[in-house]
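**Student:** any chance you can model this:
(2 chains, ligands or ions: 1)
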Amino acid sequence: MLLLALDTATPAVTVALHDGRDVVASFSQVDARRHGELLLPAVDRVLADAGVKLDAVTGIVVGTGPGPYTGLRVGLMTADTFGLALGIPVHGMCTLDGLAYAADPGEGPFVVATDARRKEVYWARYENSRTRTGEPAVDRPADIAEQVKGLPAVGAGALLYPDTFPDAREPEYVSAAALASLAAERIGAGVELPAPRPLYLRRPDAQVPKNYKVVTPK
Amino acid sequence: MADEPLVLGIETSCDETGVGIVRGTTLLADAIASSVDEHARFGGVVPEVASRAHLEAMVPTIERALKDAGVSARDLDGIAVTAGPGLAGALLVGVSAAKAYAYALGKPLYGVNHLASHICVDQLEHGALPEPTMALLVSGGHSSLLLSSDITSDVRPMGATIDDAAGEAFDKIARVLNLGFPGGPVIDRYAREGDPSAIAFPRGLTGPRDPAYDFSFSGLKTAVARWIEAKRAAGEEVPVRDVAASFQEAVVDVLTRKAVRACKDEGVDHLMIGGGVAANSRLRALAQERCEAAGIRLRVPRPKLCTDNGAMVAALGAEMVARNRAASSWDLSADSSLPVTDPHVPGHDHVHEVSKENLYS
Ligand SMILES: [Zn+2]
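**Tutor:** As a prediction, the model looks like this:
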């Protein structure tokens, strides 16, 4: 097994390669505005570090968010197209699950929260680092304060809103290494991973911008 | 001719997910998935809706194009993609797909200009572009007069709209007349049964001191809307066919007049018309008439090649390969305001070299 994992649902552009036992190479770079530019060179670098070519990869794992859409789609589109070109399966993995897996919140339940912008967080509750309870959601921190009260929380969304998440901890962003490890664990246990469908959680903003479709540079 | 470059092109600058395959100047496949119906109720293209649809449609559309063309991805000589201009989020989906596809297949990547592609697509219909070529590009997104002596390296803007694109005016007037979205085809249909000289609507920027090759459709749009509203306010029935015909005549009169003038002034004996509005029957007829009178040869691709599609991107990509233009780098980005003067986005060579080595050495 050689899994290529990538995630662009948080400000990190992150790529990792996992051989079924260990992460053999990984690379992350934080730049929320340049996912589109950075992802392919990051893949190239990880493959070079591991000394393998892309066609040695047997499966792709991609973070399905939730995350800001424009960046999120870079990872999903790249994963889908790799899958098409190489004829290998593409698996989806909730980005928050990757963060939970990498977290070390001690005993008991905890929360993962990432920045959803517009003063909201994407979040989910976890029983432990491998078990999510319920579906991810997007909410204003103040509106979920009761539900997360007393729980440790990880992720940039938790660190951003200390009033709601007084016990906030690292890591801020997901790492593809964690996604890959979790995916390898699940595949090894015979669990079928979901299809790579984006978790948008919000409807698209439906207003047509003024001067829509104007693409000629002034 | 098997030695001509076989190129796959991806287009996602607006609401069409287009994947085309060409061999040199021969069209092999032109697969399209459109999200236009999802935008109709908003009266215009909603960028986030378009971006989501591109992500969904991309892989099936690539598969369909390969099947239609009867070629294997392994045999491609390059992957071309619209790098801009267009909607930023929509472009990024296509650029991400093209980069991943080119990288996985070990093929060179060509980020190309959407407007230059609109011109180059005519090679698939009428053979190699004459050099120089004057091009009138008219759609919901652009209204430009461009002069190109080499479509891979030299595109010069002669004029452009200073406000709305011609296609936008069609959409707006269709909305005012309650005819739905998109407005171009439906206005064209009603206009055929109307009198183009029934109402004298204004011709923007046609005064002696106005810029010779620039366009303006905002004033026309307002004038037509006011005329309709006045009729309604007076309790009179709006003569939809005459309004459509008179409005359309005002648009195509200015477009063709300025295009022919630009050809004459520059001594160019070929005019190509592209973009979605080039499907308009009256624009085609009047352009034909005026070009004939002026001794200019008119080239207009069939309507399906005029609207946004992947074949036009593949056509320009094939030309980049044929003329040995530099490929793009793996860090190619989508540029929503890519200048028309950049027909492609050449990379910094070393990135490509290194990557190729890692992949297929
Ligand atoms: Zn266009």
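**Student:** pretty sure B:Ala287 belongs to a strand, no?
**Tutor:** No: using DSSP: H, G, I helix; E, B strand; the rest coil, the assignment for B:Ala287 is helix, not a strand.
**Student:** what score does it have for pLDDT?
**Tutor:** According to the prediction, B:Ala287 has pLDDT 98.
**Student:** next one: phi and psi at B:Val79?
**Tutor:** Careful, residue B:79 is Ile; it's not Val. phi -120, psi 130 (degrees, to the nearest 10).
**Student:** now name the helix or strand holding B:Gly194.
**Tutor:** Of the helices and strands defined by DSSP states H and E, none includes B:Gly194.
**Student:** now swap in B:Thr222 and tell me
**Tutor:** Using DSSP H and E, B:Thr222 falls in helix B:218-233.
**Student:** what about that helix, average pLDDT?
**Tutor:** The average of the pLDDT scores along helix B:218-233 is 94.
**Student:** counting by contacts, list what that helix packs against.
**Tutor:** Here helix B:218-233 touches helix B:166-176, helix B:240-266, going by 3 or more C-beta pairs under 8 Å, 6 or more residues apart in numbering or on different chains; DSSP states H and E. The way it works is simple: take the backbone N, C-alpha and C, and place the C-beta from them, glycine included.
**Student:** format those as a markdown table; extra columns: distance to A:Ala168 and mean pLDDT.
**Tutor:** Output for the helices and strands packed on helix B:218-233, formatted as a markdown table (distance: least, C-beta to C-beta, whole Å; pLDDT from 0 to 100):
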| stretch | distance to A:Ala168 | mean pLDDT |
| --- | --- | --- |
| helix B:166-176 | 48 | 92 |
| helix B:240-266 | 58 | 98 |
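**Student:** need the winner for burial among the ones you listed.
**Tutor:** Burial of these is given as mean neighbour count (mean count of other C-beta atoms under 10 Å in any protein chain shown); helix B:166-176 ranks first at a mean of 25.
**Student:** list of residues touching the helix or strand that it is followed by?
**Tutor:** Moving toward the C-terminus from helix B:166-176, the next helix or strand (DSSP H and E) is helix B:183-191. Helix B:183-191 is contacted by residues B:140, B:167, B:170-175, B:177, B:179-180, B:240-241, B:244-245, B:247-249, B:276-277, B:279-282 when judged by C-beta atoms under 8 Å, 6 or more residues apart in numbering or on different chains.
**Student:** in helix B:183-191, what counts as buried?
**Tutor:** Buried positions in helix B:183-191, judged by neighbour count with 16 or more other C-beta atoms under 10 Å in any protein chain shown: B:Gly183, B:Gly184, B:Pro185, B:Val186, B:Ile187, B:Asp188, B:Tyr190, B:Ala191.
**Student:** so which of those is the closest to B:Gly317?
**Tutor:** Among these, B:Gly184 lies closest to B:Gly317 (C-beta to C-beta), at 27.3 Å.
**Student:** hey, what's A:Asp7 bridged with?
**Tutor:** On the basis of DSSP bridges, A:Asp7 is bridged to A:Thr14.
**Student:** hmm, it is touching A:Leu96, no?
**Tutor:** No: shown here, A:Asp7 and A:Leu96 do not form a contact pair, counting by C-beta atoms under 8 Å, at 10.8 Å.
**Student:** the more surrounded of the two?
**Tutor:** More neighbours surround A:Asp7 than the other of A:Asp7 and A:Leu96, with 35 against 31 (other C-beta atoms under 10 Å in any protein chain shown).
**Student:** now that one: how far from chain B?
**Tutor:** To chain B, A:Asp7 is 14 Å away according to C-beta to the nearest C-beta, to the nearest Å.
**Student:** list the contacts of that residue.
**Tutor:** The contact partners of A:Asp7, taken as C-beta under 8 Å, 6+ apart, are A:Thr14, A:Val62, A:Gly63, A:Gly75, A:Thr95, A:Gly98, A:Val174, A:Ser175, A:Ala176, A:Leu179.
**Student:** for the ion, see how far away B:Gly295 is.
**Tutor:** B:Gly295 sits 29 Å away from the ion, taking C-beta to the ion, to the nearest Å as the criterion.
**Student:** burial count for that residue?
**Tutor:** B:Gly295 has 9 nearby residues by other C-beta under 10 Å.
**Student:** ok, now B:Arg323?
**Tutor:** With other C-beta under 10 Å as criterion, B:Arg323 counts 12.
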